[in-house]
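[1] here is a sequence with its predicted model. Questions after.
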Amino acid sequence: QVRVVESGGGLVQAGGSLRLSCTASGNIFSINVMGWYRQAPGKQRELVAAIAGGGTTNYADSVKGRFTIARDNAKNTVSLQMNSLKPEDTAVYYCNARLRTYSLGENDYWGQGTQVTVSS
């Protein structure tokens, strides 16, 4: 069994900051990519930022320069520091881990989501 659990999120004014954290645990052999996605009401889920095991990062254009993703491979954790938040960043944020367990091949595992609301 694999669990992906997020923490952080909440309500913040425009221009403020929030930090999201996520931990993957369970029968994990290796983790390839960890990332954050978000889904706003009426919109499709979109990639916010992702980081590979070697540290290569990928950001959505809309968050470049404002968000920073970081990963601790030893602890199977990933964080997302969000600065200069805008109302359009309001969404449910989901943590994703693309990983391999000892019994299965590589699959995507998702957290339950955490709400981020940015007021204007």
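    Looks like it came in fine.
[2] which phi and psi does the residue lying farthest from the centre of the chain have?
    What lies farthest from the middle of the chain is S103; by Cα atoms, centre = their mean that is 25.0 Å. Main-chain torsions, S103, degrees, to the nearest 10: phi -110, psi -20.
[3] so it touches N27, yeah?
    Yes - at 6.6 Å, S103 counts as touching N27 under the criterion of Cβ atoms under 8 Å. C-beta coordinates here come from the backbone N, C-alpha and C atoms, glycine included.
[4] re the thing from before, ok now do the residue farthest from the centre of the chain, which residues does it touch?
    N27 (Cβ atoms under 8 Å, 6 or more residues apart in numbering).
[5] going forward, begin numbering at 48 instead of 1
    All set: I'll call the first residue 48, so the last point we hit is now S150.
[6] okay, it and S77: tell me how far apart.
    13 Å (Cβ to Cβ, to the nearest Å).
[7] how about Q86?
    From Q86 to S77 the distance is 27 Å (Cβ to Cβ).
[8] buried residues, stretch 155-167. List them.
    Buried residues in stretch 155-167, defined by neighbour count with 16 or more other Cβ atoms under 10 Å: 156, 158, 160-161, 163, 165.
[9] need these in a markdown table (columns: pLDDT and distance to D108).
    Below are the buried residues of stretch 155-167 laid out as a markdown table (pLDDT from 0 to 100; distance: Cβ to Cβ, whole Å):
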| residue | pLDDT | distance to D108 |
| --- | --- | --- |
| Y156 | 97 | 26 |
| G158 | 98 | 24 |
| G160 | 97 | 23 |
| T161 | 97 | 23 |
| V163 | 98 | 18 |
| V165 | 98 | 18 |
